[in-house]
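> Test case, fold it:
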Amino acid sequence: RATNTTSKFGIEYDSLADLISFGLAPGLMIYLWALSPLGRIGWLAAFLFMVCGALRLARFNTQVGKISSDHFVGLPIPAGAGMNAVIVLLCHRLGIEGNPIVMMVVLYALSFLMVSAISYNSFKKPELFKKMNFNVLVAAILVLIFIAAQPSVALFVLGAGYVLSGPLSALRHIRQKHGISKASSGDEVENHR
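Down below sits the predicted model:
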């Protein structure tokens, strides 16, 4: 990417590496850490995470150049993998054992979000960095200090915030859409009077 020498082979190879790093490895980690007591059901949850990650990567590759790069369609697989990792880190930090049922629900939810049509911010907007003022710089420094002081807690909070940002944004969009349609139907009733 840095040398602008991308190729179709490179795109596919990159996706394969992403599938192993962000699909297979986190699924296996969660299975070995928490889901192994569930047996086949736990194995299938970890496998589903990997399969949904593969589908997410395939959809991303087919959409390159066709949709805006301002947002991702579905949760990016690195975010799903990162969420799995920070859950393990946080539980280790707090001395909590992984609950198999809770982790299975988390894996199913992350798998669904990866293949969903929910939009996630890609943070690739150039104007986002041009509009940075002093307050944003101070906030970024405070976030970095929080990460350095309590990495597992800070990364969990940031990861959960990003994972939940998609569904919350979709709900807000639906509410605004229904609010606009109710307001326009109310205007039509007033016009008919």
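
> Quick one: the strands in this structure, in order.
71-73, 119-121 (DSSP state E).

> Could you export these as JSON lines, including distance to residue 23 and mean neighbour count?
Any C-beta I mention is one placed from the backbone N, CA and C, and that applies to glycine too. Output for these, formatted as JSON lines (distance: least, CB to CB, whole Å; neighbours: other CB atoms under 10 Å):
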{"stretch": "strand 71-73", "distance to residue 23": "16", "mean neighbour count": "19"}
{"stretch": "strand 119-121", "distance to residue 23": "17", "mean neighbour count": "17"}
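
> For residue 15, which of those strands is the nearest?
Taking CB to CB, strand 71-73 is the member of the strands of the chain nearest to residue 15, at 14.5 Å.

> now the strands of the chain as JSON lines including distance to residue 164?
Formatted as JSON lines, the strands of the chain follow (distance: least, CB to CB, whole Å):
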{"stretch": "strand 71-73", "distance to residue 164": "15"}
{"stretch": "strand 119-121", "distance to residue 164": "10"}
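
> of all those, which lies closest to residue 37?
strand 119-121 (32.2 Å).

> now for the closest one, which elements pack on it?
Contacts defined by 3 or more CB pairs under 8 Å, 6 or more residues apart in numbering; DSSP states H and E place strand 119-121 against strand 71-73, helix 151-192.

> Could you tell me the least trusted of these?
In terms of average pLDDT, helix 151-192 trails the rest of the helices and strands packed on strand 119-121, at a mean of 80.

> ranking the helices and strands packed on strand 119-121 by burial, who's on top?
The highest mean neighbour count among the helices and strands packed on strand 119-121, using mean count of other CB atoms under 10 Å, belongs to strand 71-73: a mean of 19.
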